[in-house]
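> here's a sequence, model it:
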Amino acid sequence: MRGTSSLIASLAALAAVGALVVAPGATATPATASATPKCTTSLLDVWLDNSEGGGTAGSFYYKLAFTNFSSRTCTLRGAPGVVAADVHGHPVGSPAGTTSGGPTVRLRPGATATAVLRAVDPGVFTPSECQPVLAAGLCVKPPGQSAAKFVPFPLEVCSRVGHSSLEVQSVKAS
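Take a look at the predicted model:
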């Protein structure tokens, strides 16, 4: 009896393992396979929401907005890449400084996330250290992407490389 019980227990254990391995239609889904994909530049509309722009001594603040116009949920994490640009989309000066980290933001279709952009007034620097120019807008790369979108927004910036007058924070849910 004792041998029969352990044989039955062993067969039951093998059957359970076999069911996990060969069950028809069953697939193993690791946690990473079900993760929401990153938002690519082509899925997003990038725009400047300056309706709540504010300022402090020598700085102005704007919201860079990222709206998901795809039919699928996607994620953004970190700070976007931002550089002032001329009318042809060529960089003017150095890229914006960024903050690191930040939460992962899930963007459902039609949803918007924002990142705060700080623009330092070039007038707080000496002309020789800043070399101020009027940029036609911003080239913005969503976090983790290499392709940029041009956002028309004339603003005066420092054109001297190595001396950025822009800083951008990580994206956050709106």
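> excluding residues flanking it in the chain, which one is nearest the residue nearest to the spatial centre of the chain?
Relative to the mean C-alpha position of the chain, the nearest C-alpha, by C-alpha atoms, centre = their mean, is the one of residue 143, at 2.9 Å. Ranked by C-beta to C-beta, 6 or more residues apart in numbering and with sequence neighbours excluded, the top spatial neighbour of residue 143 is residue 78, at 3.9 Å. Placement of C-beta: from N, CA and C, glycine included.
> likewise for residue 104?
Take residue 104 and drop its neighbours on the chain: the residue closest to it by C-beta to C-beta, 6+ apart is residue 77, 4.4 Å away.
> likewise for residue 108?
Using C-beta to C-beta, 6+ apart, the closest residue to residue 108 is residue 73 (5.0 Å).
> what's the burial count for that neighbour?
Counted with other C-beta atoms under 10 Å, residues neighbouring residue 73 total 14.
> pretty sure it sits against residue 105.
No: taking C-beta atoms under 8 Å as the contact criterion, residue 73 and residue 105 are not neighbours in contact, 10.7 Å apart.
> let me see the contact set for the residue nearest to the centre of the chain.
For residue 143, the contact set (C-beta atoms under 8 Å, 6 or more residues apart in numbering) comprises 76, 77, 78, 79, 80, 170, 171.
> what of residue 70?
Taking C-beta under 8 Å, 6+ apart as the criterion, residue 70 is in contact with 43, 109.
> going forward, begin numbering at 22 instead of 1
Renumbered: residue one is now 22, and that last one reads residue 91.
> state the helix or strand in which it lies.
Element membership of residue 91 [criterion: DSSP states H and E] is none; it lies in no helix or strand.
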